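Enquirer: no letters, just coordinates:
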């Protein structure tokens, strides 16, 4: 559930604050739209490779790598102002977050006892709605208190910290642990 909530919080931050941040960085509206489009396209394309990735790696490792690398991409948005770096970060962010959404569902199903899978997914959806309520308010306060760019720094720390927490504290009781 943590993975799903973090993913949605970051997606909310990108949707809400990236256009404002892009304007603050001096990007044109077309450039901002292109960067958001790159992220969305990457999120769609990576799902075509999802099956192959699951054959090669465990869900837990894929989620860890996707969350941590997405956090690094967000952090780059905070420190750099170059359109090329923003475009590459958006591509990698789209790839990472594009996998975390469907795989967080798989993770919840793997953790829950078979008889309680539906209830576990319901709790996950409740967590998602909570994230969609809390993240805009929280990030809005951060943007008001600091800067819009600081939102991405905070989101990066949340993703990287959440990925480490997920990697070392959760167990996928029904998943295949012999994958790298």
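Expert: Right, received. Where do you want to start? Predicted model only: the values in this text are computed from it and were never measured. Numbers count the residues shown, from 1 in each chain.

Enquirer: give me the helices and strands touching the lowest-mean-pLDDT helix or strand in the chain, please.
Expert: The element with the least model confidence among the helices and strands of the chain, by mean pLDDT, DSSP states H and E, is helix 117-145, at a mean of 78. Counting contacts by 3 or more CB pairs under 8 Å, 6 or more residues apart in numbering; DSSP states H and E, helix 117-145 packs against helix 2-25, helix 83-111, helix 148-169. Just so you know, the C-beta spots here come from the backbone N, C-alpha and C atoms, and that holds for glycine as well.

Enquirer: want to throw these into TSV with mean pLDDT?
Expert: Output for those, formatted as TSV (pLDDT from 0 to 100):
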stretch	mean pLDDT
helix 2-25	84
helix 83-111	88
helix 148-169	88
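
Enquirer: among the ones you listed, which is nearest residue 69?
Expert: The closest approach between residue 69 and any of the helices and strands packed on helix 117-145, judged by CB to CB, belongs to helix 83-111 at 5.2 Å.

Enquirer: and that closest one, what does it pack onto?
Expert: The helices and strands touching helix 83-111, judged by 3+ CB pairs under 8 Å, 6+ apart, are helix 2-25, helix 29-45, helix 50-56, helix 59-79, helix 117-145.

Enquirer: and with 7 Å instead?
Expert: Helix 83-111 makes packing contacts with helix 2-25, helix 29-45, helix 59-79, helix 117-145 when contacts are defined by 3 or more CB pairs under 7 Å, 6 or more residues apart in numbering; DSSP states H and E.

Enquirer: tell me who's in contact with residue 143.
Expert: Taking CB atoms under 7 Å, 6 or more residues apart in numbering as the contact definition, residue 143 lies against 17, 151.

Enquirer: look up how far residue 4 lies from it.
Expert: Distance, residue 143 to residue 4, by CB to CB, to the nearest Å: 23 Å.

Enquirer: and residue 147, by the same measure?
Expert: Here the criterion is CB to CB. By it, residue 147 lies 28 Å from residue 4.

Enquirer: again, but for residue 103
Expert: Looking at residue 103 against residue 4, where the rule is CB to CB, the gap reads 9 Å.

Enquirer: which of the two has more residues huddled nearby?
Expert: With neighbours defined as other CB atoms under 10 Å, residue 103 and residue 4 compare such that residue 103 has more, 23 against 20.

Enquirer: in contact with that one, which residues?
Expert: Applying CB under 7 Å, 6+ apart to residue 103 gives the contacts 59, 62, 63.

Enquirer: how about 6 Å then?
Expert: Residue 103 is in contact with 59, 63, counting by CB atoms under 6 Å, 6 or more residues apart in numbering.
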